[in-house]
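Novice: Just the structure for this:
(chains A and B)
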Amino acid sequence: MKGTNLGELEELILLIVANLYDDAYGLAIKKQIIEKCRRSVSISTVHATLHRLEGKGFLLSKYDDTASASRGGRPKLLFRVTSSGEEALRHSRSLRNDLWSTIPDFVFGKN
Amino acid sequence: MAKSSSPPKWVNALLNKFLDAHLSDAIIGDLSEAFFDDLEHHGYSKARRRYIAGALGFFRYYRFKKKGQFYQSRLNAFDMFFNYLKTSLRSFSKRRAYFLLNILGLSIGIASFLAIQKYVQFEKSFDRFHNKPDEVKRVLRYDSNNNSYMVGSDPDVAVDLKAGIPGFSAVTRFYQRDNGAFQVEENGRKEVYEDLNLLYADTDFFSVFKFDFLHGNSQNSLEKPNGLILTESMALRFFGQVNVVGKSVSFKDPNFPMISASVIAVVKDVPKNSHFSFEAILSMSTQVRNGQRLDQLGWNAFDTYARINENFQETQVQTQLEAIARNHFVNKENISLHLQTLTDIHLGSTDLQGIEGGTDKRLISYLSFTSVFILLMAYFNYINFSTAKSLERAREVGVRKVLGSGKWHLVSQFLVETFLINFFSLLVALVLLMALAPLIPIRSIGFGWETLFQFYGDEAILLTSALVLGTMISGFYPALLMSSWSPSVVLRGKLSGSSGGKVMRSVLTTAQSIVSLALVVITTVIYSQVNFMISQDKGMNIDHTLVVETPTITGDNYRTSLQTYRNKLLAHPYVKSVSTASTLPGNTLNYETPIRFPNQPVRESVRIYTDGIDEQFIQHYDIDLLAGRGFDMSFGNERANALLNKTAADLMGFSSPEEALQKLVIMEGDTVRVIGVIDDYHHFSLKQGFTPQILRYYGTWIPHFSVKVNYNESTQWSDLIEKMEEDYYASFGENLFTYRFLDQSFNAQYEEDRQFGNISGFFSAIAITIAILGLLGFVAFTISVRSKEIAIRKVLGAKKRSIIFNLSKNTLILNILAGVVASTFSYYYLTGWLDQYAFQMDLTILHFALPVIGLLAVVVLVIVIQSLGLLTKNPISAINNDG
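Specialist: Below is the predicted model:
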């Protein structure tokens, strides 16, 4: 099924949106990526990915009502994972788990 | 919030403008939050840098861009333009030779156009720097007896005009002198400056003309006697500084006693584009001779100008002028007054009597046409080259069309290419112009960095419009042609060897031949006419003749010193004879005077130019004596005798020279006896016919010494001149020794024609270069297209000669046609041009045939050279070639 596959960054961002729950907006997500993954990503890439995920129906967005001076008077665009997003994450995870579980023991050693 | 702590506004504006409105709030919000974070931790400049970098990142993603039809299409066209630039540059670098050939041809064309237009606009800008120049008129005197206009009038004409014509707000007159001497004493050193260009003028001068004052002012400046106005550079020359108001100098006009004048003002130097020039102005009332002021002497030497006001009426002024003339010139019905507008003077005065300078209007229009033709020829080359190359680009056009290019996309692509080539050519042209400036025979303006961008007229506008129009003209036809290939034909590989624009190419090449042939014919005829005039027998001999001016500043023993100096000259072994007269061949004649027989009424007088000569004059200049004798003091009082020239004798009605002898005539109140008739000699250049002359014996007036030298190979000019100079200073210490060769100064009369020839020659050489470039391209293309055909002919046994004949047949026919058209045109032009010369060379068929034959020879040569490779090559390689 085309469009339901998740890229690596897409999956990561979906997970972070879920983690952040009610404060998932562009810059916060970027900070999380830097913090958790120790990798640098540009704000425009984050937005582009969010936008793409929204296009696929995995995310929903809405502006919050607050407008703080620290954001130059602009509202936040908050994201929430949709149920199809959740499904995609679960699908991805179960696929990985399946694949992990069927790796013969002698390959990586038993843990 | 302080400015230094907020994100750069222009970035936000940019984001708002280009990003989707729905997203821009979130994006700017995120960016701002990060900015304030950074501001706290890393300082402003880093925060700002990151903000900008972050914002720019969004432009990478198409998904953020604003949606909307209008906006998108504009952006696309903009992108396409850059794409065209890119493909143009690629196409240039792919076809470098073709590119360079185009740049070369076009830049030569543009440089010529620019050079000529700069000159033409300079010539057209004359006298326009004055305040409302169209409102200034020069007063001309017209003499219906000999149908000639004259500039100088007597000083009272100005007075009468001012009183009699309400349409004149100011009338001024000035008298121009260039043979006085200034003596300046500065820092205890006494210096003499001779031959300055001086005007005698009065206060109205500055109501009519505008010259910029540096020190002093125009108010009443010339009211009082002995007031002197200097130009900036004269002030510097005299005193080494500009502010010299109040300093005094001595001045000696040969016609007046020595005076002392004080500087009352300094003006800027007279602009180069002024029809009259001066280095100093002296108030008119300064000069007094025998109790009479200069403006009371009645000399016909005052240039008179008027400024008109709102009362001026074009229709009535001629009647008013006529009334004034009848009042002023009593019993001279033949004299009338006319007005000439200031801005018409420079280009409209070549047929006025006794006026030097000014430019022939015909030269200006000839040059203007030439510049346009040369530019057109350069564009023709471009059209020819690009249509010839169109086949090479057919595939590109086909592919573009398949990918969705419309016809107008392709047209604009090729127009961008043409514009780029034009632009590069313009840059090269500017460099060429500056680098080759010394070669360009237009001397009156320079082409250096400063003057190139100093505009006198509309040349900048002309150049720009020429380039834009040129791009359009030269770009559109090839662009239309190239964009018209049908993709299905091109991509199936069905294009035949010939490309479009064949007829157009022939027409344009022929047009180039016509222009360059016409220019060559005209140039050679101009040169032949100048040579004809120089080599023609002048009726006198002015070779090996030196002229020494007599001193301006004279002492008590002047007569004796002159005689001493003359004897010293004669004593020199090289010197054959020394003569003196009131005029010299090539200089203006003294003046015109009415002459009649004793029993004739005054109104039947004929007007004849009178001059004074000495006893040696006739032998000195080797003039033929037709009857009677020359002056000889052993016959007694020669003051009562006169000589006529042949034209004068004819004018007075004598049927033969002998008949004139011993006849009495009345001139200037004297009764004089004709004792001899001399043959006509060319006192002026051969542009003018013979003038009637009456010569009297004026042994005492000596404006110069004319020194004839016994010339042979061993003559050491420098020895002679050194000796002459030494003797000169011994006799006239304070003055400056000046000498010249008479034949050189006489031939200087042809300088203008020679310059015309040089300019015409230079630019016809350029036209020929461009035409030959075009011919080369044309022939090369024809041969490449016909290479298969020629190979097959060779295989079938055709001889080289017949192949060359076959190749050149059409081109030769076209060029013969061009020859006919060019000859007709240049014949028509040249007969008009030759009309201004009293003595004309004969136009023969050779003047027209030789350039045509030369062109045909060049054509054949080009074809032979270009086809040699093909003729010697194995025909198989041409046939195998899948062109």
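
Novice: How about the residues of chain A by chain B?
Specialist: Selection of chain A residues close to chain B by C-beta under 8 Å from any C-beta of the partner chain yields A:25-27, A:30, A:42-45, A:47-48, A:51-52, A:63, A:69-72, A:74-77. For glycine as for every other residue, the C-beta is placed from the backbone atoms N, C-alpha and C.

Novice: Let's see which of those end up in helices.
Specialist: Within the residues of chain A next to chain B, residues falling in helices by DSSP state H are A:26-27, A:30, A:43-45, A:47-48, A:51-52.

Novice: would you list those residues in CSV and tack on pLDDT?
Specialist: CSV is the format used below for these (pLDDT from 0 to 100):
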residue, pLDDT
A:26, 89
A:27, 89
A:30, 91
A:43, 89
A:44, 89
A:45, 90
A:47, 90
A:48, 89
A:51, 89
A:52, 88
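
Novice: now, the most widely separated pair of those residues?
Specialist: A:27 and A:52 (17.9 Å; C-beta to C-beta).

Novice: For the closest residue to residue B:222 other than its chain neighbours, which residues are in contact?
Specialist: In space, and not counting its chain neighbours, residue B:222 is closest to residue B:283: 4.3 Å by C-beta to C-beta, 6 or more residues apart in numbering or on different chains. Taking C-beta atoms under 8 Å, 6 or more residues apart in numbering or on different chains, we find residue B:283 in contact with B:200-202, B:221-228.

Novice: Relative to residue B:384, how far out is residue B:283?
Specialist: According to C-beta to C-beta, to the nearest Å, residue B:283 stands 66 Å off from residue B:384.

Novice: helices or strands next to the strand or helix carrying residue B:97 in the packing?
Specialist: Using DSSP states H and E, residue B:97 sits within helix B:96-124. For helix B:96-124, the elements it packs on are helix B:361-388, helix B:407-435, helix B:459-483, helix B:751-785, judged by 3 or more C-beta pairs under 8 Å, 6 or more residues apart in numbering or on different chains; DSSP states H and E.

Novice: tell me the angle of that helix relative to helix B:361-388?
Specialist: 160 degrees (axes from the mean of the first three to the mean of the last three C-alpha atoms, to 10 degrees).

Novice: relative orientation of helix B:96-124 and helix B:751-785 in degrees?
Specialist: Using the same axes, to 10 degrees: helix B:96-124 against helix B:751-785 is 160 degrees.

Novice: ok, then the element right after helix B:96-124?
Specialist: strand B:136-143.

Novice: That following strand - what's its average pLDDT?
Specialist: When pLDDT is averaged over strand B:136-143, the result is 88.

Novice: And it, how far out from the chain middle?
Specialist: Mean-position distance between strand B:136-143 and its chain equals 25 Å (C-alpha atoms, centre = their mean, to the nearest Å).

Novice: strands paired with it, and their directions?
Specialist: Its sheet considered, strand B:136-143 pairs with strand B:148-150 (antiparallel), strand B:302-308 (antiparallel), strand B:335-341 (antiparallel) by DSSP bridges.

Novice: Would you tell me which one of the ones you listed is buried the most?
Specialist: The highest average neighbour count among the strands paired with strand B:136-143, using mean count of other C-beta atoms under 10 Å in any protein chain shown, belongs to strand B:302-308 at a mean of 24.

Novice: So between residue A:27 and residue A:52, which is more surrounded?
Specialist: Taking neighbours as other C-beta atoms under 10 Å in any protein chain shown, residue A:27 and residue A:52 compare with residue A:27 leading, 21 against 17.

Novice: in what helix or strand does the residue lying closest to that one once chain neighbours are set aside lie?
Specialist: Using C-beta to C-beta, 6+ apart and skipping the chain neighbours, the partner closest in space to residue A:27 is residue B:30 (4.2 Å). Assigned by DSSP H and E, residue B:30 belongs to helix B:21-42.

Novice: Any chance of the helices and strands packed on helix B:96-124 in CSV with mean neighbour count as columns?
Specialist: As requested, these are arranged in CSV below (neighbours: other C-beta atoms under 10 Å in any protein chain shown):
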stretch, mean neighbour count
helix B:361-388, 22
helix B:407-435, 19
helix B:459-483, 19
helix B:751-785, 20
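
Novice: I'd like those helices as JSON lines, with distance to chain A and mean pLDDT appended.
Specialist: Output for the helices and strands packed on helix B:96-124, formatted as JSON lines (distance: least, C-beta to the nearest C-beta, whole Å; pLDDT from 0 to 100):
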{"stretch": "helix B:361-388", "distance to chain A": "45", "mean pLDDT": "87"}
{"stretch": "helix B:407-435", "distance to chain A": "31", "mean pLDDT": "87"}
{"stretch": "helix B:459-483", "distance to chain A": "39", "mean pLDDT": "82"}
{"stretch": "helix B:751-785", "distance to chain A": "53", "mean pLDDT": "85"}
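
Novice: Nearest to residue B:61, out of the ones you listed?
Specialist: Taking those one by one with C-beta to C-beta, helix B:407-435 is closest: 27.0 Å.

Novice: Closest residue of the stretch 101-250 of chain B to chain A?
Specialist: Nearest to chain A in the stretch 101-250 of chain B, going by C-beta to the nearest C-beta, is residue B:103, at a distance of 43.8 Å.

Novice: So which of the contacts of residue B:283 is the closest to residue B:110?
Specialist: For those, the nearest to residue B:110 is residue B:201 (44.4 Å; C-beta to C-beta).

Novice: In this structure that closest one contacts residue B:174, no?
Specialist: Yes. Between residue B:201 and residue B:174 there is a contact at 4.0 Å, judged by C-beta atoms under 8 Å.

Novice: for the nearest residue to residue B:347 once chain neighbours are set aside, what are its contacts?
Specialist: Spatially, and ignoring its direct neighbours in sequence, residue B:347 is nearest to residue B:361 (4.6 Å; C-beta to C-beta, 6+ apart). Going by C-beta under 8 Å, 6+ apart, residue B:361 touches B:347-348, B:350.

Novice: One more: residue B:349?
Specialist: B:151, B:275, B:340, B:355, B:358.

Novice: Most neighbours out of those, which is it?
Specialist: That'd be residue B:151 among these, by other C-beta under 10 Å, with 21 neighbours.

Novice: Where does the prediction get shaky in chain A?
Specialist: A:1-4, A:110-111 (pLDDT under 70).

Novice: Residue B:849: which element?
Specialist: Going by DSSP H and E, residue B:849 is in helix B:845-872.

Novice: How is chain B divided into domains?
Specialist: B:3-67, B:133-345, B:361-533+B:751-880, B:545-745 (automatic domain parsing).

Novice: quick one: contacts of the biggest helix by length in chain A?
Specialist: If you go by DSSP H, chain A has its longest helix at helix A:83-101. Applying C-beta under 8 Å, 6+ apart, the contact partners of helix A:83-101 are A:4, A:6, A:11, A:14-15, A:18, A:53, A:57-59, A:81.
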